[in-house]
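J.: Provided below are the primary sequence and the corresponding predicted coordinates.
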Amino acid sequence: MAHWAAKRGDMEVLELLISKGAPYLEPSEDEVAMCPIQWACTEGRLEGVRFLVDKGVSINCVDGSGCTPLLIAAQYGQSDVAAFLIKKKADTSILDKNHDSAMNWAAYKVYMVLLQDCQTNFLLPARMSLSQCRETSSVLVGKK
């Protein structure tokens, strides 16, 4: 239950569950095998992440895909959570099972945002590369 409270950002329930002895250090028993801190990272629940770190949860725990909370925050574009974890000395060198780092995921998220912005604002085709997007947007906004 702590997993769902962390994901939802329900601090009152999360605090109550932990005070009553609910497990919060163990991964879920499904194939994703994420701990509550990782679920909180998927939704950008900084207050929950901070609370769990203060309770002694490892910031470098790994899920079934080899992802740490930092990797998950980067995958989901949760920059505030990622910054907090880095400040708390999360290991930025850990790679997931696909050999991707948090930096790889962060760069991918930026790419996707830029691409979506180009497609939305300039009505560009869905299969445009990032370099094509940059080139077209520079022309359209008068920078070339």
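T.: Right, received. Where do you want to start?
J.: quick check: chain neighbours aside, which residue is closest to Leu25?
T.: For Leu25, the nearest residue in space outside its immediate sequence neighbours is Val57; the separation is 6.2 Å by CB to CB, 6 or more residues apart in numbering. Yep, even glycine has a C-beta here, placed from its N, CA and C like the rest.
J.: list the contacts of that neighbour.
T.: 24-25, 35-37 (CB atoms under 8 Å, 6 or more residues apart in numbering).
J.: got it, and Glu26?
T.: Cys35.
J.: how near is it to Arg45?
T.: Distance of Glu26 to Arg45, given as CB to CB, to the nearest Å: 19 Å.
J.: how is this protein divided into domains?
T.: If you go by automatic domain parsing, the domain ranges for the chain are 2-100, 102-144.
J.: in CSV, list the ones you listed along with mean pLDDT.
T.: Formatted as CSV, the entries for those read as follows, by pLDDT from 0 to 100:
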stretch, mean pLDDT
domain 2-100, 94
domain 102-144, 63
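J.: pick the most deeply packed of these.
T.: Each of the domains of the chain was scored by mean neighbour count; the highest is domain 2-100, a mean of 18, by mean count of other CB atoms under 10 Å.
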